[in-house]
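Participant: predicted model and sequence below, questions to follow.
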Amino acid sequence: MAFPILSVIVFTPIIAGMIILMMPGERKTEIRMVALAAAAFDLILSVWLYFAYDITAAGYQFQEMHSWLPSFGIGYHLGVDGISTPLILLTGVVMFTGVIVSQSISDRPREFFAFLFILATGVFGVFASLDLFLLFFFYEIAVFPMYLLISIWGWVKTREYAAMKLTLYLFIGSVIALIGALAMYWASGAHSFDLLVLEKAHFSTAFQNTWFMPVFMGFAILGAIFPFHNWSPDGHVAAPTAVSMFHAGVLMKLGAFAALRVGIMLMPQGAIYWKWVILGLAAVNIVYGAFIAMVQTDLKYVIGFSSVSHMGLVMIGFATLTRSGLIGSTVQMFSHGIMTALFFASVGMIYNQTHTREISRLGGFVKVMPFTAIAFIIGALVSMGMPGFSGFVAEFPIFMGLWQTAPIIAILSVISIIVTAAYMLLVIRRVFFGEMPEEFAGRMNDVSVMDKVALGLISILMVGIGLFPSLMVPMVSSGVDHILALLG
Amino acid sequence: MTFSFTSSMIMAVLPEILLLLLGIIVLIVDLLLKEEKRRNLGWLTAGGLLTILIVSLLVARPSEAELVWGGMVRYDGMGFFFKMLFIFAAAMTSLFMMDHKALGHRGEAYLLLLASTLGMSLMASASDIIMLYLAIETTSIPLYILAGFMTGDDRSTEAGFKYLLFGALTSTVMLYGLSLLYGFSGGVTNIYEIGELVASGALAPLLVAGVAMLILVGIGFKVSIFPFHFWAPDVYDGSPTPISGFLSTASKAAGFAILLRLFLVAFPQISLSWSLLLAVMATLAMTLGNLVAMAQTNIKRLLAYSSIAHAGYAMIGLVAVSELGTTSTIFYLMAYILTNLAAFGIVAAVSHVTGSDEIKDYSGLSRRSPGLALAMLVAFLSLAGMPPFGGFVAKVFVFAAAMEANLVWLVVVGVLNSIVGVFYYLTVLKYVYLYRMEDEDEEKHPIPLSLSYAIALTVLSIGILLVGTLFAPWFGFSGAAAIALF
C-alpha cells in the first residue's frame, strides 16, 4: 500500500493538538514549539503533495479508500484533483504562517493551538474528501472551533456577538446543505455517499433544479455570498490574527470549494438552470463589497469587506461555467487566500503595538516596519489584480469567462477593480506613509524575524505565481476539464 | 400451553437474575460496612454491573428470537441491546452517586438503582402487555423514591412527589388502554399475537388507534415527549443530580424500547393513524424543548428541556416507520445515553464542589478544571450535534431515515431546531471557557475530581468519540437490534 499522504496531512494537526492538550498548561514555550513543528511538517507535506501531483494523468490522485459504514454507503475516501491540491497547499501555508504570528498569544496557548489545529484538520479534510458524508463530517469540525477561538481570544468588544453570529450562519448553511445531500443520497439510488459514484448518478433535471439552490447556497454562505455575507466582516474583525487568517484565507474557500464540488459538480443541470441568479448575487458581492470597504475606518473591516468582494469574484467565476472562469476562480481562491492571510497578519502586527486599528490614528509605519510595509504593498497589488502578481492570473480569466457569458455584468463588476485600487492605495498611504502620530513615535519596534519569514513566504508565493502562472494554471486546468466534462 | 423448561429461558433473564443477586449482595455488604466506608458500595455496584455486562455478553447473547416464559418475555437482540445499555448507564450512575452527599453512603440508594435497572431490563424484553405494565412499575417505583431521596430538601421531596403523581396518573391511563386492548382482543395479551390480530383485521383499526393513544400517554410520560413533558424540568431540577442523569437517559430509553416494540410490532398496520401524530409530537417537543431551554439559567433545567427536545429527535426515526428508522432511533438513544450521562455527571461533579447548579457559576471552569471543561465541551458539542462526537452521526441517521420516508418537512423542523440547540449549548460553553469568576482567582478555587468521577467521565467521553467516529460496529448493533424486533 502506498504512503497515505493525505491522511497524514489531515490528521497531523489534530494529533498535534491532542499532544498539546496533554502538555501542562504552563509550559508555554514547549507548546509553541510543538505547534510550530507540526505546522512546518504539514507545510512540507503539502508542498510535496503539490509537486507530486501528476498533471498529465489528471483526475483524482493519492486516493485512499477504506470502508467506514458499508451498509449505509459511507466510506473513508480521500483524494485530490487539480482543484483541491492548490487549496491543500494554501491551507498548509496559512496554517504555518498563522502559527508563526500566534507566538505572542499568552492567554491559555495550549487550548488556543489545540482548537486551531482541530480547525486545520477539518479544513484539510474537506479539501481532501471524496465522500459526501466525510465532507460534512470535516466541514462541521471546521466550524465549531471558530466559535471558541473567536469568543475566547478575539477582540473584547465584539467577540461574543460575532462568534455566535458566525457559528449560527455557518451551521444553518451546513445543515441546509446536509438536507440536500441526504436527498441526493436517496435520489441516486446507489446507496452511496461516494462523490465519484454520485457524479455519475445523473439526477433528473427536476430534482437538480429543486435541490441545487439549497446545497449551493448552504455552502456559499461560508463563501460569504450576498445577502448572507455580513457574518464574515464581523467575524474577521473580532477574531484574533491567526484565526482571521484562517477564516478569510481558508474557511471562506471551504464554502466556495464545497459549493463547487457538491453543488455544481453533482448537479450540473441545476447549476445551468440557476446560474443567472448566482451571477447576479456574486456581482452584488463584488461591487457592493468594494464600495463598503472604501468607507470603512477600521483597518480590519476594510480587509473584511474586500474579502467579501473578492469572494464574489470566485463565485462569479464558478457561475460562468466556462473554462476560463473556473480556472480563474480556483487560482483566485489560492491567491486571495494567501493575500488576505498576509493582510491580516500585517494588521495583527500593527495592532499588537498600537492597540488600535482606526486608520485615521495610524501613519508612517514604513519607517519602523519596512518589511511589513513592503509585504502589505505586494498584497495590495495582488488585490488590485496588477499584472505580475497572482491576482492578475486569477482575475483576468474570470473576467474573460464573464465576458463570454454576461458582458453587462462583466462591465459592472470591473468597476470593483478601480474601487479596490482606490481603497487599497488610500490605506497604504494613510497607514504606512505620512506622519507617524506622536503617541506612537519612538515606541514602535520592527517585527520579529519569524514574522518576516511568514510575510516573506507569502510574498514569494504571490509574486512567483504572478510571474510563472505555469506553476499553477496547468494543474487547475486539469481539474477544470473534469468539471466541464460533467457539465456536458 | 405445555410448560417445558429450556436453557434459553434462563439465558433470556440472566441479566435480571444477576441484577437481583447483585442487589442482595449490596444489601448484605451494606450491613457489614461501617457508615464512613459505605461510599465503597458504589465501587461494588459499578463493578458488579460491569461483571454482569461482560458475563451477559459472553454467555447470554441471543441468536434466534424466541418467546419464553409463556410469551411473557422475548429473548431477542433488541431486548438484549437495550439491557446492556441500561446496565452500562446504571454502572456510570452508581459511580456518579458515590460522592453525592445524600446518596453516596446509603446502601438502599444503590439497591433502588439496581431494582430500577431490573425493571428497565424487563421493559426492554417484555412481549406481553401484563409483563409490560409490571416492568414499567418495577422501574418507576424505585425512581420515585430516588427522586425524593434527599428528605431534608424541599425541592427533592417535591420532585419525588411530583414524579409519583404524574407517573401514577399516566400509568393509570395506560393501564386503562391496556385493559381495553385485553377486552378487544378477547384475552390475547401477547404483543406479537395482538399484532397478528390487528394485521388480520380481526380488530377494528379505529378501536386499536384509540387504545394506542391511551397507551401513548403512559409511554409519552416515560420518554417525556410533548405534551407529557411537564414533570421533567421540575423533577430533574429537584432530584439528586446523578438520578436526574439516570432518569433522562436510561429511563427515557426504556420508554423508547417499549414504544418501538409496541407500535412497530402490535400496531404497524395502522401506522398511518399514529405516525403523523407522533411526528407532530416530535415537532412540538423539539421546538418547545429547545426554545424554552434557551431561557434557562439553571443548568439542570436547561438539560431537562434539552432532553425533551432530544426525545423529539429520537422520535423522528420511529415516525419514518422503516428498518433504517428503527435503527437510527436505537443508535440515537445510544449516543444520547452516553452524552447526557456525561453532561449530568459533570453537573454533579461541579455542584459537589460549588454547591450550585446556576449556569453563571460555571464561569471560569476552564481555568478551575481544564479536564472537566474539556469533558463538558465533548458532551455539549455532542448534544449540539457536532462531529466528531456521537450526536452528529446520530442526527444524520435519523434525518436520513426521515428523508427516505419523504418527510422533508420533519427534517427541516429538526435541523432548524438543532440550530437553536447549538445556540444555547454554546452559550453554556461560553461561561465555561470565556467568562471568569468575579475576583478572577480561579487558581485558588480548583475543582478536584474524585477517582470515580474521573473514571466515569473518561469512559463516557471516549464512548462519545467512539460512537461518533468508528460508528460502523455500533450502527451494526443497532441495526441487528432493529431487525430482531420483528
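Facilitator: Now that the structure is in, tell me what you want to look at.

Participant: CA atoms for contacts and neighbours, from now on please.
Facilitator: OK.

Participant: tell me where the model's unsure across chain A.
Facilitator: A:1 (pLDDT under 70).

Participant: do the same with chain B
Facilitator: In the predicted model, chain B carries pLDDT under 70 at residues B:1-4.

Participant: who in it is up against chain A?
Facilitator: Neighbours of chain A within chain B, by Cα under 8 Å from any Cα of the partner chain: B:386-388, B:399-400, B:403-404, B:411-412, B:415-416, B:419, B:422-423, B:430, B:433-434, B:470-472, B:475.

Participant: right, and B:Leu472 touches A:Trp68 too?
Facilitator: Heads up, residue B:472 is Ala, not Leu. Yes - with contact defined as Cα atoms under 8 Å, B:Ala472 reaches A:Trp68; the gap is 6.2 Å.

Participant: nearest spatial neighbour of the residue of chain B found nearest chain A, chain-adjacent residues omitted?
Facilitator: Closest to chain A within chain B is B:Ala472: 4.7 Å, counting by Cα to the nearest Cα. With sequence-adjacent residues excluded and distances taken as Cα to Cα, 6 or more residues apart in numbering or on different chains, B:Ala472 is closest to A:Leu69, at 4.7 Å.

Participant: can you pull the phi and psi angles for the one you found?
Facilitator: phi -140, psi 80 (degrees, to the nearest 10).

Participant: got it, and B:Leu67?
Facilitator: Dihedral angles (degrees, to the nearest 10) for B:Leu67: phi -80, psi 130.

Participant: so where does the spatially closest residue to it that is not a sequence neighbour fall, helix or strand?
Facilitator: Closest residue to B:Leu67 apart from its sequence neighbours, by Cα to Cα, 6+ apart: B:Arg74 at 4.4 Å. Using DSSP states H and E, B:Arg74 falls within strand B:73-75.

Participant: the helix or strand following that strand - contacts with which helices or strands?
Facilitator: Following strand B:73-75 in sequence order, the next helix or strand is helix B:77-97 (DSSP H and E). Secondary-structure packing of helix B:77-97 (3 or more Cα pairs under 8 Å, 6 or more residues apart in numbering or on different chains; DSSP states H and E): helix B:41-59, helix B:107-125, helix B:241-246, helix B:252-261, helix B:323-354, helix B:451-469, helix B:471-484.

Participant: could you give the angle of helix B:77-97 to helix B:107-125?
Facilitator: In terms of direction (axes from the mean of the first three to the mean of the last three Cα atoms, to 10 degrees), helix B:77-97 departs from helix B:107-125 by 160 degrees.

Participant: tell me what angle helix B:77-97 forms with helix B:323-354.
Facilitator: For the pair helix B:77-97 and helix B:323-354, the angle between their directions (the same axes, to 10 degrees) equals 10 degrees.

Participant: tell me how many other residues crowd A:Ser448.
Facilitator: Counted by other Cα atoms under 10 Å in any protein chain shown, the residues lying close to A:Ser448 total 11.

Participant: hmm, back to that, what residues sit buried inside the strand holding B:Arg74?
Facilitator: For strand B:73-75, burial by neighbour count (16 or more other Cα atoms under 10 Å in any protein chain shown) applies to B:73-75.

Participant: packing partners of it?
Facilitator: Other helices and strands packing on strand B:73-75, by 3+ Cα pairs under 8 Å, 6+ apart, are helix B:7-12, strand B:66-68, helix B:107-125.

Participant: again, 6 Å this time
Facilitator: The elements that strand B:73-75 packs onto, with contact taken as 3 or more Cα pairs under 6 Å, 6 or more residues apart in numbering or on different chains; DSSP states H and E, are strand B:66-68.

Participant: which residues does the strand it packs on contact?
Facilitator: Outside strand B:66-68, the residues that touch it by Cα atoms under 6 Å, 6 or more residues apart in numbering or on different chains are B:9, B:73-75.

Participant: pick the one among those closest to B:Val319.
Facilitator: Checking the contacts of strand B:66-68 against B:Val319 with Cα to Cα, the nearest one is B:Arg74 at 23.6 Å.

Participant: contact partners for the closest one?
Facilitator: By Cα under 6 Å, 6+ apart, the residues touching B:Arg74 are B:66-68, B:125, B:127.

Participant: a markdown table please, covering those and showing distance to B:Ile215 and neighbour count.
Facilitator: Listed next are the contacts of B:Arg74 as a markdown table, based on distance: Cα to Cα, whole Å; neighbours: other Cα atoms under 10 Å in any protein chain shown:
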| residue | distance to B:Ile215 | neighbour count |
| --- | --- | --- |
| B:Glu66 | 25 | 15 |
| B:Leu67 | 23 | 21 |
| B:Val68 | 24 | 19 |
| B:Ser125 | 17 | 30 |
| B:Ser127 | 15 | 28 |
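
Participant: before we move on, back to that, pretty sure the residue of chain B closest to chain A contacts A:Pro70?
Facilitator: No - in this structure B:Ala472 lies outside contact range of A:Pro70 using Cα atoms under 6 Å: 7.8 Å.

Participant: so between these two, which is more surrounded?
Facilitator: More crowded of B:Ala472 and A:Pro70, by other Cα under 10 Å: B:Ala472, with 19 against 12.

Participant: how close does that one sit to A:Pro240?
Facilitator: Distance of B:Ala472 to A:Pro240, computed by Cα to Cα, to the nearest Å: 38 Å.

Participant: which parts of chain A are strands?
Facilitator: A:61-69, A:74-80 (DSSP state E).

Participant: which residues in the stretch 151-300 of chain B form strands?
Facilitator: Counting by DSSP state E, counting those that start in this stretch, one finds no strands in the stretch 151-300 of chain B.

Participant: rewinding a little: from the buried residues of strand B:73-75, which is closest to A:Asp107?
Facilitator: B:Tyr75 (56.7 Å).

Participant: for A:Ile176, list the residues it contacts.
Facilitator: Taking Cα under 6 Å, 6+ apart as the test, what A:Ile176 contacts is A:Gly218.

Participant: and for A:Val382?
Facilitator: Going by Cα under 6 Å, 6+ apart, A:Val382 touches A:389-391.

Participant: now with 8 Å?
Facilitator: A:335, A:339, A:389-392, A:462 (Cα atoms under 8 Å, 6 or more residues apart in numbering or on different chains).

Participant: could you work out the most separated pair of those residues?
Facilitator: Taking Cα to Cα, the two most distant members of those are A:Met339 and A:Phe392; they sit 12.5 Å apart.

Participant: comparing those two, which residue is more hemmed in?
Facilitator: A count of neighbours by other Cα under 10 Å puts A:Met339 above the other of A:Met339 and A:Phe392, at 31 against 25.

Participant: how about residue 126, nearest residue that isn't a chain neighbour?
Facilitator: With no chain named, the answer covers chain A. The nearest residue in space to A:Val126 (Cα to Cα, 6+ apart) is A:Leu135, at 5.0 Å.

Participant: try again with chain B
Facilitator: Leaving out its chain neighbours, the residue that sits closest to B:Ala126 by Cα to Cα, 6+ apart is B:Val73, at 4.7 Å.

Participant: what of B:Ser116?
Facilitator: B:Thr139 (4.2 Å).
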